[in-house]
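Participant: here is the input, now give the coordinates:
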Amino acid sequence: MLESELHDLSDDADYAASQQQGSASMMLRSDSIKQNSPRDGAEVVFTKENVAIHPTQFASERISGRLKLIKQSSALFMTWIPYKGHSTEARLSDNERNLYTIRAVPFTEIRSIRRHTPALGWQYIIVVLSSGLAYPPLYFYSGGVKEFLATIKQHVLLVRSEEDANVFLVNDFQNTLQRTLSSLELPRAVPLACGPSNMSVDESILNENQERADNDVNNGSSSVTHFHGRPRQKVDPARDISIQVLEKFSLVTKFARETTSQLFRENQINGFSERRTPIQTNIDHPRRSSHVEEKTSDESCLALDSQEFDNLSLVWGKPRQPPLGSEEWIIFLDSEGRVTDSEALRKRVFYGGLDHELRNEVWGLLLGYYPYDSTYAEREFLKSIKKSEYENIKNQWQSISSAQAKRFTKFRERKGLIEKDVVRTDRSLPFYEGDDNPNVNILRDILLTYSFYNFDLGYCQGMSDLLSPILFVMDDESEAFWCFVALMERLGPNFNRDQNGMHSQLFALSKLVELLDSPLHNYFKQRDCLNYFFCFRWILIQFKREFEYEKTMRLWEVLWTHYPSEHLHLYLCVAILKRYRGKIVGEGMDFDTLLKFINELSGHIDLDATLRDAEALCICAGENGAARIPPGTPPSLPIDDGSVYAQQDEIL
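Facilitator: Residues are numbered from 1 along each chain as shown. Coordinates of the predicted model:
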């Protein structure tokens, strides 16, 4: 679409002014006159004032504007233009207005609209594009979400998702359950959620990847030829299917590169853009969080270039401590078992982790299953209550007869996928190895029960990886289930069908690398790697495939402290990439070789050093880093408003 056409379609004086600065005639045109006299057959069918975005985590910096739906011929467009110099909490320059403006986007480029209705606060929507990225949440401070959706439905096909009643699919004629890793939009990718098929999942993966390889070789793809120039490794049947897909991303590099320019444009109009102040170096002066008590030397607050930063070995990260043991654990409890200082406990676990014999007791606290102020007796009582509740939920699927199962497609699909996955999960460990291992059966039962407990989310590959260490530590079916439920309250968005949770984390990662290592960011930009898909496995299953089992448990309990940041896992990604920047840039890695290199780091990352680096980066980034992470990015605890999975009966 031509730029001039976009100006006409926007039908807004403020918008035109933001596009043609200095044009007095455009700035003086009356918005009300133009609404009554749209040009080129354009008609404003919906207008809503006081719709705001939050480019940072601070409510005082929200930006209010005008949302419009514009009809031209048979096409529907959406625009959002920030107010110019009035009725807004944030004063914007013309360049900033240009940055935040949502230009006339046709609904043919919109995949879905997610509605959120908090019990307290304002309704907001998230518009997801066909490219996979989402616009910032649009907050309706004066209401109007229902009218907005109703207007859209009058002009385009809008279908409520069968999986989530708060998601409305635009022009959707396909079954979204048949898409896997939808954030990547891989052609003919194998579904994370198993769908009906006459071919086994393993066969479909191998056949599709072989087909892609054959096609690329025929097209003269040198990268694929090189990839297949190495001896083909035997497929380990114990490897997780989703990881096999990730390891074969090098076969779809061309597609990833084509989408990169759409996902991460220079102005980032598709994502969460932040207001910036001039930065002379790639690391801002840090603003310390209030709960970070230790003061570091003045040198640690200086802005350094990346090379100096590397040479200092990130000394600002405090040395790691021995794990918290039983004798020291008692100090944190009163006589009845209450944790007297939860922040001090979380800080201690962050710096040292836990002795293994304490994990059974402390993990429930870190995950929020037990309240920190609960007594020994209250925790035992909660266990008994929750055990009965678990058995009731489990009985729901256990009581399904074979005749019922024949008429319950989704149950059969989920059960089949779970049974395939659990026999591939950590079978080399003594706890899960061997035929007819009862722990494997318990793993299956917990996942099936969870699929009934959270039926809208159900089961996706990767969940078994997250449950495995929890069952190993808790060694009790009911306790493992409820701790897993608590973990999924934080990480559940990683497995949403629209993959919004993964999108927001990959986007935040790109912004943190841009802040903390601009040379590496610029290199990724030159190599069309700004999608950060090579970090997908790290984020999806929380580095579980990158470390030994014991170190994975140590890392997870550190992350669960949410100290010094709830998004420390993103700083871990930055720390690892920063550590290997010299090798990445020095060897001129493109997407193919970078993905291969990242996967081969598994088992070769120093956990303690990486945690120190991540802490240093988090402290150094300060509020500037926090502002680059969109609100609600996992593993943020969700607002208890029922909006994530709630089924609501409305006119739409």
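Participant: for the longest helix anywhere in the chain, which positions count as buried?
Facilitator: For the chain, the helix with the greatest residue count under DSSP state H is helix 376-398. For helix 376-398, the neighbour count (16 or more other Cβ atoms under 10 Å) marks R379, L382, K383, K386, K387, Y390, K394, W397 as buried. Where you see a C-beta, it was placed from the backbone N, CA and C, and this is true even at glycine.
Participant: turn these into JSON lines, columns for distance to T151 and pLDDT.
Facilitator: Formatted as JSON lines, the buried residues of helix 376-398 follow (distance: Cβ to Cβ, whole Å; pLDDT from 0 to 100):
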{"residue": "R379", "distance to T151": "51", "pLDDT": "96"}
{"residue": "L382", "distance to T151": "48", "pLDDT": "96"}
{"residue": "K383", "distance to T151": "51", "pLDDT": "96"}
{"residue": "K386", "distance to T151": "45", "pLDDT": "97"}
{"residue": "K387", "distance to T151": "50", "pLDDT": "97"}
{"residue": "Y390", "distance to T151": "45", "pLDDT": "98"}
{"residue": "K394", "distance to T151": "45", "pLDDT": "97"}
{"residue": "W397", "distance to T151": "41", "pLDDT": "96"}
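Participant: let me know the closest of those to F140.
Facilitator: K386 (37.9 Å; Cβ to Cβ).
Participant: secondary structure class for the residue lying closest to the closest one once chain neighbours are set aside?
Facilitator: Leaving aside its sequence neighbours, K386 sits nearest to W482 (Cβ to Cβ, 6 or more residues apart in numbering; 5.2 Å). With DSSP: H, G, I helix; E, B strand; the rest coil as the basis, W482 sits in helix.
Participant: kindly report the same for the one 3 residues further on.
Facilitator: Using three-state DSSP, the three-state assignment for V485 comes out as helix.
Participant: residue contacts, it?
Facilitator: Contact partners of V485, counting by Cβ atoms under 8 Å, 6 or more residues apart in numbering, are Y369, Y450, Y453, N454.
Participant: drop anything exposed from those residues.
Facilitator: Those of the contacts of V485 that meet the buried threshold are Y369, Y450, Y453, N454, by 16+ other Cβ under 10 Å.
Participant: so which of these is the closest to S112?
Facilitator: Among the buried ones among the contacts of V485, N454 lies closest to S112 (Cβ to Cβ), at 20.1 Å.
Participant: where does that closest one land on pLDDT?
Facilitator: Here, the pLDDT recorded for N454 equals 95.
Participant: I'd assumed G492 was in contact with it.
Facilitator: Yes - between N454 and G492 there is a contact at 7.4 Å, judged by Cβ atoms under 8 Å.
Participant: check which element follows the helix or strand hosting L509 along the chain.
Facilitator: L509 belongs to helix 500-516 when assigned by DSSP states H and E. Going down the chain from helix 500-516, the next helix or strand is helix 518-526, by DSSP H and E.
Participant: rounded mean pLDDT for the helix or strand following that next one, please.
Facilitator: Note on helix 518-526: by DSSP H and E, the next helix or strand toward the C-terminus is helix 536-540. Mean per-residue pLDDT for helix 536-540: 94.
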